[in-house]
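1. Attaching a predicted model along with its sequence, questions to come.
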Amino acid sequence: MTGSFDLLVIGGGSGGVRAARMAAQAGARVVLVEGAPLGGTCVNLGCIPKKLYAYAAEYASHFEQARGFGWWVDGATFNWHALRTARAAEIARLNGVYERMLLAAGVHIVRGWASFEDPHSVRVASAEGEQVLHASNILVATGSEAQVPAYPGQEHALVSDAMFDLPQLPRRLAVVGGGYIACEFASIFRGFGCEVTQLVRAGGVLRGFDEDVREVLAREMRAQGVDQRFGVQVASIERARGELQLRLADGALVTADAVLSATGRKPRTASLRLERAGLKATPNGALEVDDVMRTSVPHIFAVGDVTDRMQLTPVALGEAMVVVDTLFGQGRRRMSYEYVPTAVFTHPNVATVGYSEHEARSRFGDVRVFRSDFRALKHTLSGSAEKTMMKLLVDAATDRVVGLHVVGAEAGEIVQGFAVAMKAGATKELFDSTVGIHPTAAEEFVTMRQQVQA
């Protein structure tokens, strides 16, 4: 491929694809370089397959709870291989959708792995050989990758990428980590019927989330049968007699058939040869950018997980639009990281937008807290003891709702709509004056009147 491009995008994930497509539609000559299937982590090894598996895992409880509503579902069995096959077909379909979108917009797609040759050139290596591409502007959107702590036997631990295509469903799974990825996979595989032990170095799950959310989710996961152990650390893993033995720092032994290490992710920049472009990464490999996603080299930009800001697909999409507007638009668009909603697809779900109680008190001082714990209407007949928790945080000085948190069914669907209201500056008075939809769990947010005492 000859000639120079207006924009060269390294990485075909959510941010890279969005930037490439929109820049091409704006009239720019664009090339996108990607060596893996299009769609990045989200489509191939993250959000999409993970939620499909979360749906699959929920059916076990649905079948069990159906009797309360007069349905007898006897003899239901789970076929791991059937799920794997169905997921693979859907992901392949999405890969094709991404490719067709890019080609329809006029984006040139080059298959291979990129590294910088100089500030305006990228070398692409593939099975067919190497080529060098030149561009006026370059966007780095290479995402992130899982990292496994160093200890003897670490090679026996799997990362989340491998969990979707395990040859067999493990009878016993050890999950190392307490973040959202660890909690999601612990819930999913417990739903599939596996014995799950979750080993968390910290004192609880979901560090950084609201404390009530953390406590309620941990309680509900334990009620689902996940064996959670806090304040522990893996010292080594050894394969013996066809099983894996995890030795903890305190000497305790945990036996499993598979081990998932979900202890964090790091930006994927190690192979880019950043120094050839005059770029420097932070100690963990991230590229620092300004408010228009520009790096220290003025014509090189970065978006998404590679910047290590917020590792969320919609954030990467928003950042990509900032880059396109800066280069080929009016240059007015900016990305706001305040009131970004997020969800954790555990069982039950978690969703949140705005500040945790600790953050809100640090930021605003006087904060009014409203909380409701209840058994959802469905579970009055289902036989499940699962509880839903909802929480509102209000800045006392302005009456603005600054934090909203849910642990319960369909939490993400509930919070998305409230996120719009909070982004617009909705007050508690406005929440109170809104008529709820009855009977729903979501109506609880517009009927909370009793303030929680500090």
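-> Cool, the structure landed.
2. ranges for the helices of the chain?
-> 14-25, 40-45, 47-65, 80-105, 180-191, 211-223, 313-328, 357-364, 379-382, 411-423, 428-433 (DSSP state H).
3. Output the ones you listed in JSON lines; the columns should cover mean pLDDT, mean neighbour count and distance to Ser126.
-> No exception for glycine: its C-beta is placed from N, CA and C like everyone else's. Converted to JSON lines, the helices of the chain look like this (pLDDT from 0 to 100; neighbours: other C-beta atoms under 10 Å; distance: least, C-beta to C-beta, whole Å):
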{"stretch": "helix 14-25", "mean pLDDT": "98", "mean neighbour count": "26", "distance to Ser126": "17"}
{"stretch": "helix 40-45", "mean pLDDT": "96", "mean neighbour count": "24", "distance to Ser126": "18"}
{"stretch": "helix 47-65", "mean pLDDT": "97", "mean neighbour count": "17", "distance to Ser126": "25"}
{"stretch": "helix 80-105", "mean pLDDT": "98", "mean neighbour count": "14", "distance to Ser126": "16"}
{"stretch": "helix 180-191", "mean pLDDT": "98", "mean neighbour count": "25", "distance to Ser126": "30"}
{"stretch": "helix 211-223", "mean pLDDT": "98", "mean neighbour count": "19", "distance to Ser126": "43"}
{"stretch": "helix 313-328", "mean pLDDT": "98", "mean neighbour count": "22", "distance to Ser126": "24"}
{"stretch": "helix 357-364", "mean pLDDT": "98", "mean neighbour count": "16", "distance to Ser126": "46"}
{"stretch": "helix 379-382", "mean pLDDT": "96", "mean neighbour count": "14", "distance to Ser126": "53"}
{"stretch": "helix 411-423", "mean pLDDT": "98", "mean neighbour count": "18", "distance to Ser126": "38"}
{"stretch": "helix 428-433", "mean pLDDT": "98", "mean neighbour count": "16", "distance to Ser126": "54"}
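4. could you redo the ones you listed as JSON lines and give each row distance to Val232?
-> Output for the helices of the chain, formatted as JSON lines (distance: least, C-beta to C-beta, whole Å):
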{"stretch": "helix 14-25", "distance to Val232": "35"}
{"stretch": "helix 40-45", "distance to Val232": "27"}
{"stretch": "helix 47-65", "distance to Val232": "25"}
{"stretch": "helix 80-105", "distance to Val232": "29"}
{"stretch": "helix 180-191", "distance to Val232": "13"}
{"stretch": "helix 211-223", "distance to Val232": "14"}
{"stretch": "helix 313-328", "distance to Val232": "32"}
{"stretch": "helix 357-364", "distance to Val232": "24"}
{"stretch": "helix 379-382", "distance to Val232": "32"}
{"stretch": "helix 411-423", "distance to Val232": "28"}
{"stretch": "helix 428-433", "distance to Val232": "41"}
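5. neighbours around Met335, how many?
-> 20 (other C-beta atoms under 10 Å).
6. Show the end-to-end separation of stretch 377-386, please.
-> Start-to-end span of stretch 377-386 (C-alpha to C-alpha, to the nearest Å) is 11 Å.
7. One more: stretch 327-334?
-> End to end - C-alpha to C-alpha - stretch 327-334 spans 13 Å.
8. ok so, going back, out of the helices of the chain, nearest to Glu117?
-> helix 14-25 (19.0 Å; C-beta to C-beta).
9. Output the contacting helices and strands for the closest one.
-> Packing contacts for helix 14-25, counted by 3 or more C-beta pairs under 8 Å, 6 or more residues apart in numbering; DSSP states H and E, involve strand 4-10, strand 30-34, helix 40-45, helix 80-105, helix 313-328.
10. Report all helices and strands that the longest one contacts.
-> Same thing as helix 80-105. helix 14-25, helix 40-45, helix 47-65, strand 108-111.
11. right, and those - which one's nearest Val369?
-> Nearest of the helices and strands packed on helix 80-105 (C-beta to C-beta): helix 47-65, 29.7 Å.
12. State the distance from the residue most central in space within the chain to Val43.
-> With distances taken as C-alpha atoms, centre = their mean, the residue of the chain nearest its centroid is Leu312 (5.5 Å). Distance check for Leu312 against Val43: by C-beta to C-beta, to the nearest Å, it reads 14 Å.
13. just Asp290 next, same as before
-> 28 Å.
14. Check Arg241 too.
-> Per C-beta to C-beta, Arg241 is found 39 Å from Val43.
15. what does Tyr98 give?
-> Between Tyr98 and Val43 the distance is 7 Å, computed by C-beta to C-beta.
16. so what's the closest residue to Leu158 other than its chain neighbours bridging to?
-> Leaving aside its sequence neighbours, Leu158 sits nearest to Leu260 (C-beta to C-beta, 6 or more residues apart in numbering; 5.4 Å). Beta-bridge partners for Leu260, by DSSP bridges, are Leu158, Val175.
17. count of neighbours near Leu260?
-> Neighbours around Leu260, by other C-beta under 10 Å: 27.
18. Mind listing what's buried along the longest strand seen in the chain?
-> Identified as the longest strand of the chain according to DSSP state E is strand 129-140. For strand 129-140, a neighbour-count test (16 or more other C-beta atoms under 10 Å) marks Leu133, His134, Ala135, Asn137, Ile138, Leu139, Val140 as buried.
19. Return the residues in contact with the last one.
-> Just to be clear, that refers to Val140. Val140 is in contact with Ile10, Gly11, Thr269, Leu272, Leu287, Thr295, Ile300, Phe301, Ala302, Val303, Val306, counting by C-beta atoms under 8 Å, 6 or more residues apart in numbering.
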